[in-house]
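1. here is a sequence together with a model predicted from it:
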Amino acid sequence: MLITEIADKKNLLQVGSAGPKVKVLQEALIKSGQELPVYGPDGKFGAETKKAVEAFQEMVEIKVDGIVGPETAKELKWYAYPNFKKAEFKCKCGGRYCNGYPVEVDEKLLYLLQKIRDHFDEPVIINSGIRCKKHNQAVGGASRSQHLYGTAADIVVKDVSASRVYTVANKINPKGGVGRYKTYTHIDSRDGRARW
């Protein structure tokens with residue numbers, strides 16, 4: 001289950017909530033550095049989990065209310081994938097056209113990239129993540145590039161050829177996009193298979 005799937009505007013996680021979504025929340029809180037020393041990830045949202053949620057919300061500078069909705073889940077996703085940081089996906093326009101984050105990075109993309117990282121056990125370098133429209137045009141990107149939606153990354157895996165990365169990405173991502181280039185590999189989490 002993806003972190004961003006644990007809560008939405010209609011289905012908040014709060015004191016009294018219980019089940020697999022709460023356990024996923026608790027595991028992400030622990031990865032973020034929050035402590036659940038008495039009960040751990042038990043799938044029950046009690047006072048200890050509320051305190052950890054409040055500490056997390058304060059740490060990432062969002063509204064502190066001890067309730068997990070889309071905003072808290074969106075921030076937590078960065079702690080579920082320990083080898084990637086938000087700044088790595090920032091638009092490369094350098095602030096000329098946008099603030100660096102015209103869209104959110106799709107968690108399915110993070111999941112795929114983490115699987116590639118785990119497979120090779122080597123760092124994955126993000127050459128291009130999010131792109132604003134003007135930067136995408138400046139670099140000759142497709143008008144409907146997945147980079148515009150936060151669903152794509154062009155990557156290099158340390159000490160691994162682009163063709164080997166392509167082969168593994170092709171297996172890991174059978175329903176999304178994978179592109180082979182001479183020096184890097186494109187991977188995206190679109191709904192629908194695409195290969196080039």
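-> Everything's here; your move. Remember, predicted model here, so these are calculated numbers, not experimental data. Numbering: from 1, shown residues only.
2. contacts for the worst-scoring helix or strand of the chain on mean pLDDT, please.
-> None of the helices or strands of the chain scores lower by mean pLDDT, DSSP states H and E than helix 70-80, at a mean of 94. With contact meaning Cβ atoms under 8 Å, 6 or more residues apart in numbering, helix 70-80 is reached by 2-9, 25, 28-29, 31-33, 53, 56-57, 60, 62-63, 68, 84-86, 104, 107, 110. The way it works is simple: take the backbone N, C-alpha and C, and place the C-beta from them, glycine included.
3. check stretch 95-113 too.
-> 2-4, 74, 77, 80-81, 83-84, 86, 89-91, 93, 124, 126, 129-135, 148-153, 155, 169, 172-173, 176, 187-189.
4. which of the residues in the helix or strand following the least confident helix or strand of the chain are buried?
-> Next in sequence after helix 70-80, counting helices and strands by DSSP states H and E, comes helix 107-120. With burial defined by 16 or more other Cβ atoms under 10 Å, the residues of helix 107-120 counted as buried are 107-117, 119-120.
5. and stretch 159-168, by the same measure?
-> Here stretch 159-168 shows 160, 162, 165, 166, 168 as buried, counting by 16+ other Cβ under 10 Å.
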